[in-house]
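# Need a 3D model of the following:
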Amino acid sequence: MKVTYKDVKADILSKITNGQWPPGSLVANEVDLAMTYGCARATVNRAMRELAEEGIIERRRKAGTRVRMTPIRQARFDIPVVRDEIIQKGAAYRYTLLSCISQPAPDWLRARLDLPAEAKALHLICMHYADGVPYEHEDRWINLTALPKAASASFEEIAPTEWLLSAIPFSEVEISLFARSAEKSLADYLDCTVGDPVFTVERSTWWRENAVTYVRLTYRPGHRLTTRY
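Sure, this is the predicted structure:
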């Protein structure tokens, strides 16, 4: 009988709840668990990802996976497609690629994503519009070591998020939400006043411990983010 991710998840959860794997204990890596359960690593990965999303375990790159000392409820932030957001609002969507440059990854990006010194990245600047009004400014970096085919992709017609979601899955996401003051170049893109408070989302994604992308998304004053979990 084929082992499913639900079977793996249920067994791991059982070990945690019955005290076999107590709070704070280190969980075996995905390769070893796949051998134990006689399934593919991807099956274990999905089970572990859901347990992490539910606040049962905590996964840290290079530090391994541990049972949380105190299970928590976590808000889930799906990776949205801005085209869908705008269309769902009943507005017409338009996308513009402002620049696309392949270059050595800058020091700050290598430090942030733990990239090697020789890493190269694709830097894209894009704008998204709703009924012709600026909606989202996108400043994105793609790690070409993890995703070399991005260098030859055409981002004139398809936005980076849509392309990435079809090109590679993600196993870990880090998201930061904050307000900042719009500098002149950003204010020009978003058609707002210099110094206006603008809502910003910074997001980094990994696939199997390889950093894939870092993006900074900035919205006009008054933008609202809603999530359900």
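# pLDDT below threshold where in this structure?
Where the chain drops to pLDDT under 70, the residues are 71-78, 227-229.
# Tell me where it has helices.
5-17, 30-37, 41-53, 82-88, 107-113, 160-167, 184-190 (DSSP state H).
# relative orientation of the first one and helix 30-37 in degrees?
Between helix 5-17 and helix 30-37, the angle comes out at 100 degrees (axes from the mean of the first three to the mean of the last three C-alpha atoms, to 10 degrees).
# ok, back up a step: please identify the most buried of the helices of the chain.
Of all the helices of the chain, helix 41-53 has the most neighbours on average by mean count of other C-beta atoms under 10 Å, namely a mean of 19. For glycine as for every other residue, the C-beta is placed from the backbone atoms N, C-alpha and C.
# Please name every helix or strand in contact with it.
With contacts defined as 3 or more C-beta pairs under 8 Å, 6 or more residues apart in numbering; DSSP states H and E, the secondary structure elements packing on helix 41-53 are helix 5-17, helix 30-37, strand 57-60.
# picking up where we left off before, nearest to residue 124, out of the helices of the chain?
Nearest to residue 124, of all those, is helix 160-167, at 5.5 Å by C-beta to C-beta.
# domains for this structure, by residue range?
Listed by automatic domain parsing, the domain ranges of the chain are 5-67, 82-219.
# can you tell which of the ones you listed is closest to residue 225?
Nearest to residue 225, of all those, is domain 82-219, at 7.0 Å by C-beta to C-beta.
# now do the same end-to-end measure for that closest one.
This stretch, domain 82-219, spans 11 Å end to end (C-alpha to C-alpha, to the nearest Å).
# Turn the helices and strands packed on helix 41-53 into CSV, including distance to residue 89.
Shown next, in CSV, are the helices and strands packed on helix 41-53 (distance: least, C-beta to C-beta, whole Å):
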stretch, distance to residue 89
helix 5-17, 35
helix 30-37, 40
strand 57-60, 34
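# And those: which comes nearest residue 46?
helix 5-17 (4.2 Å).
# Would you format the domains of the chain as TSV with distance to residue 225 included?
Output for those, formatted as TSV (distance: least, C-beta to C-beta, whole Å):
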stretch	distance to residue 225
domain 5-67	18
domain 82-219	7
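# Pull up the gap between residue 27 and residue 170, please.
20 Å (C-beta to C-beta, to the nearest Å).
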